[in-house]
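Student: Model the structure of this input:
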Amino acid sequence: MAVDTIPNTDSWIATTTANAPSARAGHTASLDGTEMIVWGGANDMDVLNTGGRYNPNTDSWVFDHQSQRACFALGTQSSGGLAVK
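Tutor: Predicted coordinates for the structure are as follows:
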């Protein structure tokens with residue numbers, strides 16, 4: 001189960017896992033202002049080149065199936081956008 005915080009209430013709520021990326025460790029996650037982008041990492045057997053975008057306003061995931069990016073860097077730009085290299 002995934003959880004999210006409720007600001008100023010010191011409490012947690014369950015979030016949806018529908019369409020979420022598979023469980024992983026060593027991944028990169030970054031907020032772009034409206035969504036959290038999760039990418040890469042590894043599970044018990046493989047290095048992953050998949051990820052997803054979570055929107056906390058709609059409590060929904062958009063899963064990105066395999067991409068051609070096996071290695072990447074994810075970071076924010078001064079313009080506020082995200083850069084995936």
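
Student: where in this structure is pLDDT low?
Tutor: Within the chain, the ranges that satisfy pLDDT under 70 run 1-7, 65-85.

Student: Without its sequence neighbours, what residue ends up closest to Trp39?
Tutor: Among residues not flanking Trp39 along the chain, Gly51 sits closest, at 3.4 Å (CB to CB, 6 or more residues apart in numbering). Placement of C-beta: from N, CA and C, glycine included.

Student: which residues does that neighbour form a beta bridge with?
Tutor: Trp39, Asp64 (DSSP bridges).

Student: shouldn't it be in contact with His27?
Tutor: Yes - using CB atoms under 8 Å, Gly51 is in contact with His27, at 7.3 Å.

Student: returning to what we had before: please report how far the residue nearest to Trp39 lies from Thr17.
Tutor: 15 Å (CB to CB, to the nearest Å).

Student: For Asp46, what are phi and psi?
Tutor: phi -140, psi 150 (degrees, to the nearest 10).

Student: Can you tell me how far the residue nearest to Trp39 is from Ala29?
Tutor: 9 Å.

Student: And Pro56, by the same measure?
Tutor: Distance, Pro56 to Ala29, by CB to CB: 13 Å.

Student: Mutual contacts of those two, please.
Tutor: Met36 (CB atoms under 8 Å, 6 or more residues apart in numbering).

Student: Look up how far Asp10 lies from Asn51.
Tutor: Quick fix: residue 51 reads Gly, not Asn. In terms of CB to CB, Gly51 sits 30 Å off from Asp10.

Student: Ok, Met36 next?
Tutor: In terms of CB to CB, Met36 sits 21 Å off from Asp10.

Student: out of Gly51 and Thr17, which sits in the more crowded spot?
Tutor: Gly51 (25 against 11; other CB atoms under 10 Å).
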